[in-house]
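Novice: heads up, no residue letters with this:
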């Protein structure tokens, strides 16, 4: 039950991350190969960094060709749609991003939980700091790599409550799901909380304070 | 025979990558240390990422001081030449790049084959995705790191058929050299194909489609 | 004695690195979370890269929550001070950086020695290249990550004698401290040399040659 729910959320999230990566890359002037690469790295990059840090060699994604195919197909479809509509690409990007924001939040929530879970399953369940940090890295790492590659200031470090939603989700899942051992309840609370915070922040344009 | 050929191609490619890294860094306003660093990372960075992903600890390059010396000397020579000709640096860069493009293609071809080979030798020969991805990362990873460090949009993601040539070479070598076990034939076909595609793309300015 | 000295220098250096990361991030328009993240990565990022390269999994910092707390508190305090003084932030940044430069040099010196030491303690004491390179990466890696994340050309590759001071410190410590086995003398000479070179370079605006 929980496994199926997580799988569905992860798949939707992976697709949403691939969509966001593809759009950003296509609008930054990257070519087809660059767009597919950045789309893929956005979708799977957070998990790869996590796996390198916990010593999961090679990273799990390399044993999941079906996920890679899903990401590449998603990225290719978005590229083609953007290519056909390249004259009104800005409008299109806004429209897609408006639809994508919910699935992106779903992915952020699912990835943050997975990050904590995989870290703990690798034998680090007594290291709360590692588990939570890798939860957040799994959630937002792909987006940071995307922005570094297209040479933009990382979005998640600049605007709206994004990484913080992931952080809260990771902390909640670590305590309820790992520390108190209730995976199902922990997942539900964590995911709902992450999605709610992220969607409210996007809707009401909540931002953290900035110096300038 | 094949070993000697590969060694020569890898050495020429390493030098070519060091030259390109040095030129880009010198033209971006980096100082001598920065130029040597970026030159070195361009030449060896792809292999280091590959080694981290397959768990080759520490990365192989750290046991090859003679390669590092070759890279540093190359980078230093290019820096000095650029420094002496700093007033006509743009002309010089164009000239060097025109000569360098063939050796760079040689390096791209050799590194893509080596990447597949090292990955398979590390026990992952049944994982085609991993082998091919790490072939491409070995081929183009150094160039991506170079562009991220000098704060430019990665060249290989923007212009001409570069990474795609590496990808085709890696796929061909995986199938002919690893899957069908014919290393020599696989290497020859893969290398010729990669170099041909890359040189034609550079000459005729083939580009992949872009949205904008 | 040496342990206590190193610990004090590392703590001061960690704080100084966190201060520099926080200031750069705050002045680049990052939000509170972004600032804390970049501050933390600046302070601990070099050590994390080193640990991944020598196979110290997970990186040592994840077992030192007290260091992370120190870094986060430092970063938060600097953010608050910057936030309150946001109208005269440029003046403030200059003032803080002038004070910070000595502690930063202390951190650079201590981290370079630690990097060599940790690498050799992990069983690589016969690999001078690896030890020295990881000494420099430990010293300057956090600053490079900081600049890549905020989308600036890495400072240490552009201006003043910074990485070179770290390199000289690492080489000296490797020979005196590891090769000749005199840790205390090696540490003292290495640290004094690194700090002296760095401070003189900053004061007299020594720069390495550049092409443009």
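Specialist: It's in. These numbers were taken from a predicted model, which means no experiment stands behind them.
Novice: Touching, residue A:59 and residue A:47? I think so.
Specialist: Yes. Contact criterion CB atoms under 8 Å: residue A:59 and residue A:47 qualify, at 6.7 Å. In short, each C-beta sits where N, CA and C put it, glycine included.
Novice: Looking at those two, which one has more neighbours?
Specialist: residue A:47 (27 against 19; other CB atoms under 10 Å in any protein chain shown).
Novice: Look up which helix or strand the more buried one falls in, please.
Specialist: helix A:32-54 (DSSP states H and E).
Novice: neighbours of residue A:205, just the number please.
Specialist: By the criterion of other CB under 10 Å, residue A:205 has 10 neighbours.
Novice: pLDDT wise, what is it at?
Specialist: Looking at residue A:205, its pLDDT reads 83.
Novice: That one - that's part of a strand, no?
Specialist: No. Counting by DSSP: H, G, I helix; E, B strand; the rest coil, residue A:205 is located in no strand; its state is coil.
Novice: From chain C, how far off is it?
Specialist: Residue A:205 is 12 Å from chain C, where distance means CB to the nearest CB, to the nearest Å.
Novice: Tell me how far that residue lies from chain B.
Specialist: According to CB to the nearest CB, residue A:205 and chain B sit 27 Å apart.
Novice: what do you get for residue A:185?
Specialist: Distance from residue A:185 to chain B, counting by CB to the nearest CB: 36 Å.
Novice: Surely that residue touches residue A:176?
Specialist: Yes. Counting by CB under 8 Å, residue A:185 touches residue A:176, with 5.8 Å between them.
Novice: who in chain A is up against chain B?
Specialist: A:25-35, A:37-38, A:48, A:52, A:55, A:57-59, A:62-63, A:65, A:68, A:79, A:82-83, A:86, A:89, A:148-151 (CB under 8 Å from any CB of the partner chain).
Novice: returning to that earlier point: okay, residue A:185 and residue A:176: which has more neighbours?
Specialist: It is residue A:176, of residue A:185 and residue A:176, that has more neighbours when counted by other CB under 10 Å, with 19 against 13.
Novice: The more buried one: what's it in contact with?
Specialist: Taking CB atoms under 8 Å, 6 or more residues apart in numbering or on different chains as the criterion, residue A:176 is in contact with A:182, A:185-186, A:189-190.
Novice: quick one: the helix holding residue A:47 to helix B:32-54, angle?
Specialist: On the basis of axes from the mean of the first three to the mean of the last three CA atoms, to 10 degrees, helix A:32-54 is oriented at 70 degrees to helix B:32-54.
Novice: Would you mind listing what in chain A touches chain C?
Specialist: Residues of chain A lying near chain C (CB under 8 Å from any CB): A:52-55, A:124, A:127, A:129-130, A:133, A:144, A:148, A:151-154, A:156-159, A:163-164, A:167, A:207-212.
Novice: how does it look with 6 Å?
Specialist: A:53-55, A:129-130, A:153, A:157-158, A:163-164, A:208-212 (CB under 6 Å from any CB of the partner chain).
Novice: Widest-spaced pair of the residues you listed?
Specialist: Farthest pair in those (CB to CB) is A:55 and A:212. Separation: 40.0 Å.
Novice: the more surrounded of the two?
Specialist: Shown here are residue A:55 and residue A:212; by other CB under 10 Å, residue A:55 has more neighbours (16 against 13).
Novice: Show the pLDDT at that one.
Specialist: Residue A:55 carries a pLDDT value of 94.
Novice: same deal with the one 4 residues further on?
Specialist: Looking at residue A:59, its pLDDT stands at 96.
Novice: counting contacts, what elements does the helix holding residue A:47 pack onto?
Specialist: Counting contacts by 3 or more CB pairs under 6 Å, 6 or more residues apart in numbering or on different chains; DSSP states H and E, helix A:32-54 packs against helix A:2-27, helix A:65-84, helix A:128-149.
Novice: pLDDT below threshold where in chain A?
Specialist: For chain A, the stretches with pLDDT under 70 are A:155-160.
Novice: Residue A:88 and residue A:106: what is the separation?
Specialist: To residue A:106, residue A:88 is 27 Å away according to CB to CB, to the nearest Å.
Novice: do the same with residue A:94
Specialist: For residue A:94, the distance to residue A:106 - CB to CB - is 20 Å.
Novice: Those two - which one has more neighbours?
Specialist: Legend: neighbour count by other CB under 10 Å for residue A:94 and residue A:106, higher for residue A:106 (23 against 10).
Novice: Ramachandran angles for that one?
Specialist: Per-residue torsions, residue A:106: phi -60, psi -50 (degrees, to the nearest 10).
Novice: List the contacts of it.
Specialist: Taking CB atoms under 6 Å, 6 or more residues apart in numbering or on different chains, we find residue A:106 in contact with A:9, A:12-13.
Novice: Looking at chain A, what residue ends up closest to chain B?
Specialist: With CB to the nearest CB, the shortest gap between chain A and chain B falls at residue A:34, namely 2.9 Å.
Novice: which residues does the residue of chain A most remote from its centre contact?
Specialist: Ranked by distance from the centre of chain A (CA atoms, centre = their mean), the top residue is residue A:87, with 28.7 Å. Contacts for residue A:87 (CB under 6 Å, 6+ apart) come out as none.
Novice: Now do it against chain C, distance only.
Specialist: To chain C, residue A:87 is 29 Å away according to CB to the nearest CB.
Novice: Just want to check the distance between that residue and residue C:176.
Specialist: According to CB to CB, residue A:87 stands 66 Å off from residue C:176.
Novice: got a list of what the nearest residue to residue A:38 once chain neighbours are set aside touches?
Specialist: In space, and not counting its chain neighbours, residue A:38 is closest to residue A:25: 3.7 Å by CB to CB, 6 or more residues apart in numbering or on different chains. With contact taken as CB under 6 Å, 6+ apart, residue A:25 is in contact with A:35, A:38, A:150.
Novice: change it to 8 Å
Specialist: Going by CB under 8 Å, 6+ apart, residue A:25 touches A:34-35, A:37-39, A:146, A:149-150, B:157.
Novice: which residues sit in contact with residue A:125?
Specialist: Residue A:125 neighbours (CB under 8 Å, 6+ apart): A:119, A:131, A:178.
Novice: cool, and residue A:60?
Specialist: With contact taken as CB under 8 Å, 6+ apart, residue A:60 is in contact with A:47, A:51, A:118.
Novice: quick one: contacts for the first one?
Specialist: What it means is residue A:47. Residue A:47 is in contact with A:59-61, A:111, A:114-115, A:118, A:138, A:141-142, counting by CB under 8 Å, 6+ apart.
Novice: quick check, nearest of those residues to chain C?
Specialist: Distances from chain C to the contacts of residue A:47, taken by CB to the nearest CB, are shortest for residue A:141, at 11.5 Å.
Novice: Touching, the closest one and residue A:51? I think so.
Specialist: No. Using CB under 8 Å, residue A:141 is not in contact with residue A:51, being 10.8 Å away.
Novice: Which secondary structure element is home to residue A:92?
Specialist: Counting by DSSP H and E, residue A:92 is found in helix A:89-119.
Novice: Quick check: buried residues in that helix?
Specialist: Residues A:89, A:92-93, A:96, A:100-101, A:103-119 are the ones in helix A:89-119 that count as buried (16 or more other CB atoms under 10 Å in any protein chain shown).
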